[in-house]
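J.: One predicted model, sequence on top.
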Amino acid sequence: MGEGVRIRPPFAVDYGWNLHVGDRLFANFGLTALDTCEIRIGDDVQIGPNVQLLTPTHPLHPVDRARGWEGGLPITIEDNVWLGGGAIVMPGVTIGRDSVIGAGAVVTRDVPPLSVAVGSPARVIRTIDPAERSGQFALENYPAAYREQVAAEGPEAPVRPSGHAEASA
């Protein structure tokens, strides 16, 4: 568990010891992390309410499934990812750094870094250009300090805020 982690209850895990969390995670109400296999969550990740991280798998064959067999595949959430409320991340998925997963998305395959993915199954609808600061949704709805910071940084804003580790290439 990293530093500055905030998880709002209720919070449910299968085991707990297969969950690895970086610094400054914020997870809103109702996170379910079924950690039959490892779940790795990077730094500065934001998780909306009622998100599910699901590593377990079961056989498709009805006889094998009735026998109670369970397998699993790991999940990796890289640095600075935002998972919207109600998103479901399926077994074996990696979500690349700086990506956004829309509310209610069902992520069944890897999402590249700097992507916005939505839907069920989730699909990438755009790539985030870290040099682009315009077009932010409802900028006027953010606190004045944030609006002032964005204006002061201008179009040459850093890809990552100072004090955060740069992503490795």
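T.: Perfect, I can see it now. Numbering: from 1, shown residues only.

J.: which residues sit in contact with residue 93?
T.: Under the criterion of Cβ atoms under 8 Å, 6 or more residues apart in numbering, the neighbours of residue 93 are 75, 76, 107, 108, 109, 110, 111. (C-beta placed from N, C-alpha, C; glycine too.)

J.: Quick check: closest non-adjacent residue to the fifth one.
T.: Using Cβ to Cβ, 6 or more residues apart in numbering and skipping residues adjacent in sequence, the residue nearest residue 109 is residue 93, 6.6 Å away.

J.: ok, now residue 48?
T.: Distances taken as Cβ to Cβ, 6+ apart put residue 85 closest to residue 48, at 3.4 Å, once the chain neighbours are dropped.

J.: Quick one: residues contacting the one you found.
T.: Contacts for residue 85 (Cβ under 8 Å, 6+ apart) come out as 28, 48, 49, 50, 51, 103, 104.

J.: Looking at it now. What's its pLDDT?
T.: Listed pLDDT for residue 85 reads 98.

J.: do the one 10 residues further on as well
T.: The predicted local confidence for residue 95 comes out at a pLDDT of 98.

J.: again with residue 78
T.: If you check residue 78, the pLDDT there is 98.

J.: Distance of it relative to residue 36?
T.: Counting by Cβ to Cβ, to the nearest Å, the separation of residue 78 from residue 36 is 21 Å.
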